[in-house]
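Trainee: Got a sequence here, can you model it:
(one chain, ligands or ions: 1)
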Amino acid sequence: MVVLHCHSEIAVWAQRAYPLEVVGLLVGRRVADTWDVHTLVTAINLATTPETQFILDPATWFLAEQTAVQAGMSIVGIIHSHPDAPARPSSRDSASGDSLGRDLIFLIISTTKIGVKDLTAWQWDSRQYQEIDVQWT
Ligand SMILES: [Zn+2]
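Mentor: Below is the predicted model:
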């Protein structure tokens, strides 16, 4: 299960960028099968077509690592948005699953003209993404 402690911050950030895709890293703690997500570290989307794609600025890893270390936490996942598309991994997302591995969770937030539609979490099992429950506080 994913427990989101920064849900409203994520929703505002993703919606503000609509109709472009946002991408960021998530800082928190993992205990067994529970990921506590406390902090969003936003990234610049370097994709040339940010309407349908994201490329995370590699510098964000460094920034997120610093944020995590200061808080006694670690980087637990990646989040990106799907403007006007379902909050499910696309074929492009699945193609990059192996680089993500099992230890990072993959959050997708679906945005529309009128607001955030859905937020889902996924874990790569070395073949495909398995959905994980999300709870927000
Ligand atoms: Zn995607």
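Trainee: Tell me if I'm right that residue 84 and residue 19 touch.
Mentor: Yes: the criterion here is C-beta atoms under 8 Å, and residue 84 meets it with residue 19 at 6.8 Å. For glycine as for every other residue, the C-beta is placed from the backbone atoms N, C-alpha and C.
Trainee: Find residues that contact each of those two.
Mentor: Shared contacts of residue 84 and residue 19, defined by C-beta atoms under 8 Å, 6 or more residues apart in numbering, comprise 111, 113.
Trainee: Contacts only, for the residue nearest the centre of the chain.
Mentor: By C-alpha atoms, centre = their mean, the mean C-alpha position of the chain lies nearest to residue 79, the distance being 1.0 Å. Residue 79 is in contact with 10, 22, 23, 24, 25, 26, 40, 106, 107, 108, 109, counting by C-beta under 8 Å, 6+ apart.
Trainee: after the helix or strand containing it, next one along is what?
Mentor: Counting by DSSP states H and E, the element that carries residue 79 is strand 74-83. Tracing the chain C-terminally past strand 74-83 and defining elements by DSSP H and E, one meets helix 91-95 next.
Trainee: What is the distance between whichever helix or strand comes after that following helix and the centre of its chain?
Mentor: Next in sequence after helix 91-95, counting helices and strands by DSSP H and E, comes helix 97-100. Distance of helix 97-100 from its chain centroid, counting by C-alpha atoms, centre = their mean, to the nearest Å, is 14 Å.
Trainee: swap in stretch 102-114?
Mentor: The chain centroid and the centroid of stretch 102-114 are separated by 5 Å, computed with C-alpha atoms, centre = their mean.
Trainee: Dump the lengthiest helix in the chain to CSV, keeping only the CA atoms.
Mentor: Within the chain, and with DSSP state H defining each element, the longest helix by residue count is helix 59-71. Listed in CSV are the C-alpha atoms of helix 59-71, where the atom choice follows Å, rounded to 0.1, in the frame of the first residue of the first chain:
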residue,chain,number,x,y,z
ALA,A,59,19.6,16.7,-11.7
THR,A,60,16.4,16.0,-9.9
TRP,A,61,17.8,12.7,-8.5
PHE,A,62,20.6,14.6,-6.8
LEU,A,63,18.1,17.2,-5.4
ALA,A,64,15.7,14.5,-4.2
GLU,A,65,18.6,12.5,-2.6
GLN,A,66,19.6,15.6,-0.6
THR,A,67,16.0,16.2,0.5
ALA,A,68,15.7,12.6,1.5
VAL,A,69,18.9,12.5,3.5
GLN,A,70,18.1,15.7,5.4
ALA,A,71,14.7,14.2,6.4
